[in-house]
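Novice: quick one: sequence plus predicted model below, questions after.
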Amino acid sequence: MISLPGIYRIGKEAFSGCTHLKSAYFNRAEWSYSKNIDPPKEGEEPEMSTVEGVIGEKAFADCTSLEIIEAPGFKKINAEAFKNCKALSSISLSGIYSISDKAFLNCKNLKYVSLPAWSAMTKNAFNGCN
């Protein structure tokens, strides 16, 4: 199991090929800032335009034992992020707004998907799922 509260971005191929990883929990996305925006002072809220919450391309690809993903604060899943996660049976992404090409390609055991009604996804985001 991996639990990383407060993380705002999972980079390209970050956990790719971790065949013994069974579950991943990310409590909420935090704020990230571009070079031109100063971080808020303690107690202040950052500008909404600075929000990130991205699961990178192939971030969990080929994690063949991964069964559960919970990432309520993430906003975007990039291409093939969970490709070939054959044991993945449950995903909960309550804050997601965009799911890219083949994000869940060949997730043959996927049975439970929780997404907001307004999520945008490509037509092949769940290719190869039963």
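Specialist: Looks like it arrived, so ask away. Numbering: from 1, shown residues only.
Novice: correct me if wrong: residue 120 contacts residue 98.
Specialist: Yes: counting by CB atoms under 8 Å, residue 120 touches residue 98, with 5.3 Å between them. C-beta: built from backbone N, CA, C; applies to glycine.
Novice: so what's residue 92 up against?
Specialist: Counting by CB atoms under 8 Å, 6 or more residues apart in numbering, residue 92 touches 69, 70, 71, 72, 112, 114.
Novice: burial check on the last one, number of neighbours?
Specialist: Taking other CB atoms under 10 Å as the neighbour definition, residue 114 ends up with a count of 12.
Novice: identify all contacting residues around stretch 121-129.
Specialist: By CB under 8 Å, 6+ apart, the list of residues contacting stretch 121-129 reads 98, 99, 100, 101, 102, 103, 104, 105, 106, 107, 108, 110.
Novice: which ones are touching residue 102?
Specialist: Remark: with contacts taken as CB under 8 Å, 6+ apart, residue 102 is in contact with 79, 80, 83, 122, 124, 125, 127.
Novice: that's a strand at the fifth one, yeah?
Specialist: It stands for residue 124. No: Residue 124 is assigned coil when assessed by DSSP: H, G, I helix; E, B strand; the rest coil, not a strand.
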